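Asker: pasting the sequence and the predicted coordinates here, then a few questions.
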Amino acid sequence: MDKIKLKSLLIIFFISSSYLDAQDITRIILHTNESLVSTDDQVEENKLLVLPNSIAFKDSGNNLLGFQQIGDYKFLIDASNLDDAKRAYMDDLNIADKDKLFVIKSNIENSFTFSNGEIIIFSNSSSDINDFINENNSSLFLVSSFNSYSVVKVRNIDQINFIFEKLLKDKRFIGAQLNSINPYLSVR
């Protein structure tokens, strides 16, 4: 059964089940990070977008002020708003490049998750993943590989949305999703 037929069947099932209560929202999450939000009269696809000019990091000690905060995570949607004093203070706290994250925004929800620039690719063939990496002119490198999925890192964060969309459309793969951190899960 191809992806379109599967999505159609899932949509029909969940739309028909949402007639029980007109205010209920049914969420269908697939391996593609695409989710469909449906009510009685509409179906909207949830698209996730990594904001390449954003910055996020874990600040357990709550040492930095002037950032948006969710739990232990601080973030800015636009890092060009980061002044020299904050940059220097981040350097003093040894927030290394490996600890910096990027904000992922949804077109539907008003919530944020964070990405380290990695994408999880679901595939039954590691050779397809290696071919995809080679086709993308060293924009990607393999972080880890398992039986049914692999994790790749995007070298240039400005290309992550383009590569992610390309993966979602590639018939060789079962699906793809952004490797993300949900800061709401660590809030107590």
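Answerer: Good, I have the coordinates.

Asker: quick check: buried residues in the helix or strand where residue 161 lies?
Answerer: When elements are assigned from DSSP states H and E, residue 161 belongs to helix 160-169. Across helix 160-169, burial judged by 16 or more other CB atoms under 10 Å covers 160-161, 163-164, 167-168. To be clear about C-beta, it is placed using only N, CA and C from the backbone, and glycine gets the same treatment.

Asker: which one of those is nearest residue 129?
Answerer: Nearest to residue 129 among these is residue 167, at 9.8 Å by CB to CB.

Asker: excluding its backbone neighbours, what's nearest the closest one?
Answerer: Excluding the flanking residues, the one nearest residue 167 by CB to CB, 6 or more residues apart in numbering is residue 176, at 4.0 Å.

Asker: phi and psi next, for the one you found.
Answerer: phi -150, psi 150 (degrees, to the nearest 10).

Asker: and it, how far from residue 119?
Answerer: Counting by CB to CB, to the nearest Å, the gap from residue 176 to residue 119 is 6 Å.

Asker: okay, and the common contacts of these two?
Answerer: Common contacts of residue 176 and residue 119, defined by CB atoms under 8 Å, 6 or more residues apart in numbering, comprise 164, 167.

Asker: I figured residue 51 hits residue 77, correct?
Answerer: Yes: contact criterion CB atoms under 8 Å: residue 51 and residue 77 qualify, at 6.1 Å.

Asker: what touches both of those two?
Answerer: Shared contacts of residue 51 and residue 77 (CB under 8 Å, 6+ apart): 103, 105.

Asker: which one of these two has more residues nearby?
Answerer: Remark: of residue 51 and residue 77, residue 51 carries more neighbours, 21 against 14, as counted by other CB atoms under 10 Å.
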